[in-house]
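Q: Build me a structure from this.
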Amino acid sequence: MIFGEEPLADAWMPGVRCIRAETDGGQLGGGAPRVVWLTLGADPRAVSVCSAAQRLIQENRPCHLVWDPLTGDLAQLLPIVRAGCALGTPENIDYAPDKLPHRQPGVSREGRLCVQIGVLGSPREPFTSYQMLGLGEILAWLDSWQVPRRWPAGAPAPFRAATRARSRACWALGGHFGASQVPECESIGPGGIDIDQIASTDTMVRELPVAEPALAGAAPILLGPRAGHEAPSLSAAAV
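A: Coordinates of the predicted model:
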């Protein structure tokens, strides 16, 4: 769906670069607000937030935020008051044309908010083992939208753990969820993250790095390692 009326100004996180997607998942349906944490199958030491955001936009599967927990770099692709498109898609940013187009699950539009946060990382290595720079700013913004800091479904399952039931009853309560806990989705990320670290993080705000916004509708890009790094290919990190 193409954006209609201009969203509220505070639907954009203050001080964060905007790499705006041209499409979104549609109007939200109302109900308890929730946040879904996804991993993008990318090594944050090798792939930048800007590159990951552009890839998601080009494949019409943008989430709301893309976050590098090692540097605190952040980009926002969609206003918080519109539905995201990353749930139900391949759980990485490798180019996979055989897996696209994808089915857009209805859960993306459930809740008065359903914020999708794409983390540069892999379920194999939970992102809570990183420095998690910028987490306080993210949580402060979510707090301002009255998203409760609870995890109704408990901690997400570790990588390769037995599949756990995805509870509709827990989902209806709102709060924070891993993608592996969302009904109608097949994701296994973000892995066995430490939810207590997220729930208890201080929300003291610092200035985030800001860069020039990327142009919408840019030509397809080839994701490669950052300058100065010898890093494995994305396929090795993908799930």
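
Q: drop to CA atoms for contacts and neighbour counts, all remaining ones
A: Will do.

Q: Which helix or strand contains the closest residue to residue 57 other than its chain neighbours?
A: Of all residues not flanking residue 57 in the chain, residue 21 sits nearest, at 5.6 Å (CA to CA, 6 or more residues apart in numbering). If you go by DSSP states H and E, residue 21 is not part of any helix or strand.

Q: Next up, the contacts around residue 21.
A: By CA atoms under 8 Å, 6 or more residues apart in numbering, residue 21 lies in contact with 57, 62, 77, 78, 216.

Q: How much space separates the first one from residue 86?
A: Residue 57 sits 10 Å away from residue 86 when distances are taken as CA to CA, to the nearest Å.

Q: okay, these two: which has more neighbours?
A: Remark: of residue 57 and residue 86, residue 86 carries more neighbours, 29 against 25, as counted by other CA atoms under 10 Å.

Q: For that one, which non-adjacent residue is spatially closest?
A: residue 61 (4.8 Å).

Q: This protein: helices as residue ranges?
A: For the chain, applying DSSP state H gives helices covering 49-58, 135-144, 168-172, 195-200, 234-237.

Q: picking up where we left off before, as a markdown table, the contacts of residue 21 with distance to residue 117 and pLDDT would be great.
A: Shown next, in a markdown table, are these (distance: CA to CA, whole Å; pLDDT from 0 to 100):
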| residue | distance to residue 117 | pLDDT |
| --- | --- | --- |
| 57 | 14 | 95 |
| 62 | 10 | 96 |
| 77 | 10 | 98 |
| 78 | 11 | 98 |
| 216 | 20 | 42 |
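
Q: So which of those residues is the closest to residue 108?
A: residue 62 (11.7 Å; CA to CA).

Q: residue contacts, that closest one?
A: 21, 24, 53, 56, 77, 78, 84, 85, 86.

Q: do that again at 6 Å, thanks
A: 56, 85, 86 (CA atoms under 6 Å, 6 or more residues apart in numbering).

Q: And it, how far from residue 124?
A: 23 Å.

Q: Can you report how many residues lie near residue 8?
A: By the measure other CA under 10 Å, the count of residues near residue 8 is 10.

Q: per-residue pLDDT, it?
A: Listed pLDDT for residue 8 reads 73.

Q: swap in residue 160?
A: For residue 160, pLDDT reads 76.

Q: Likewise for the one 4 residues further on?
A: Taken from the predicted model, the pLDDT recorded for residue 164 is 71.

Q: Equivalent analysis for the one 3 residues further on, please.
A: We have a pLDDT of 93 for residue 167.

Q: can you check the one 3 residues further on too?
A: For residue 170, the pLDDT comes out at 96.

Q: was I right about it contacting residue 152?
A: Yes: the pair residue 170 and residue 152 passes the contact test of CA atoms under 6 Å, sitting 5.3 Å apart.

Q: which ones are touching the residue lying closest to residue 188 once chain neighbours are set aside?
A: Spatial nearest neighbour of residue 188, chain neighbours left out: residue 180 (4.6 Å); criterion: CA to CA, 6+ apart. Residues in contact with residue 180, defined by CA under 6 Å, 6+ apart, are 187, 188, 189.

Q: how close does the first one get to residue 77?
A: If you measure residue 187 against residue 77 using CA to CA, the figure is 21 Å.
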